[in-house]
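sharing a model that was predicted from the sequence below.
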Amino acid sequence: MNEKLYIIPLDEGTRKFSGWLLNELCKRFTLKPQSGIVSRLPEESFNQKQNQYYATTILSKLELLKGTDFEMILATTEEDLFIPNKNFVMGQANSTSHTSVISTFRIKPEFYGLPEDEVLLKSRLLNLASHEVGHMLGLKNCLNKDCQMYVADTLTELDNRPETFCAECILNLTLPSKVKT
Ligand SMILES: [Zn+2]
Ligand SMILES: [Zn+2]
């Protein structure tokens, strides 16, 4: 694949995971790791009443940072994200602009009154990130529960979602790159 991936931490709290996440995702999807773009949460994406950030606004800001269509941006934040028809989202992607954002807010065990657990947090982060990379590579949500592209609206659904793709999604993942070469 010719796709290049940037991981952009939007706050200090998620910065420490960016190198590890970039490495894992580039290995998994055979992407070229990129660095050098710095960004922050856009102020205009903040909804004061809900104390949440509007994911769509973040994605349109990220799109402006991209150079080419082959570049994909995955941003990370510890803030809570929402979109209009959902109370919250753990991750959101735009498959046309190849941008995405994921949040650690609701995947931290502390959010549920449990002790910190970085191993668990990282496995959830990778699961979220991998799903959004799937979208940026053109995959749609999948109805198969045993697939990485299955929708996880709750933490339980996320924890039960495998990090592997179903046969149909694998085919859709590899087809475009076969056409290119
Ligand atoms: Zn999805
Ligand atoms: Zn699938």
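Yes, it's here. Quick caveat: nothing in here was measured; it's all calculated off a predicted structure. Ligands and ions are numbered 1, 2, ... in the order given.

now do the strands in the protein.
Remark: strands assigned in the chain by DSSP state E are 4-9, 32-34, 46-47, 52-54, 71-77, 81-83, 86-89, 91-94, 99-103.

so which of the ones you listed is the most packed in?
strand 99-103 (a mean of 28; mean count of other C-beta atoms under 10 Å). In this view, the C-beta of every residue, glycine as well, is placed from N, C-alpha and C.

tell me what angle it forms with strand 4-9.
40 degrees (axes from the mean of the first three to the mean of the last three C-alpha atoms, to 10 degrees).

dump strand 99-103 to CSV, restricted to CA.
The C-alpha trace of strand 99-103 is given here as CSV (Å, rounded to 0.1, in the frame of the first residue of the first chain):
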residue,chain,number,x,y,z
THR,A,99,-9.3,11.6,8.8
SER,A,100,-10.4,10.2,12.1
VAL,A,101,-10.3,10.9,15.8
ILE,A,102,-10.5,8.5,18.8
SER,A,103,-11.1,9.3,22.5
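
which other helices and strands contact that strand?
Helices and strands touching strand 99-103, by 3 or more C-beta pairs under 8 Å, 6 or more residues apart in numbering; DSSP states H and E, are helix 55-63, strand 71-77, strand 91-94, helix 118-136.

for ligand 2, which of the strands of the chain is the nearest?
strand 91-94 (15.3 Å; C-beta to the ion).

partner strands of that closest one and their direction?
The strands that strand 91-94 pairs with in its sheet are strand 99-103 (antiparallel) (by DSSP bridges).

rounded mean pLDDT for the partner strand, please.
If you average the pLDDT over strand 99-103, you get 98.

got the residues of this protein near ligand 2?
142, 144, 147, 149, 166, 169 (C-beta under 5 Å from the ion).

if we go to 8 Å?
Residues of the chain lying near ligand 2 by C-beta under 8 Å from the ion: 139, 142-144, 147-150, 165-170.

buried among these? Make that a PyMOL selection.
PyMOL command restricting the residues of the chain next to ligand 2 to the buried ones, with burial defined by 16 or more other C-beta atoms under 10 Å:
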select buried, resi 139+142+147+148+149+150+165+166+169
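
show me the two of the residues of the chain next to ligand 2 that sit farthest apart.
L143 and I170 (15.4 Å; C-beta to C-beta).

show me where pLDDT drops low in the chain?
Scanning the chain for pLDDT under 70 picks out 1, 175-181.
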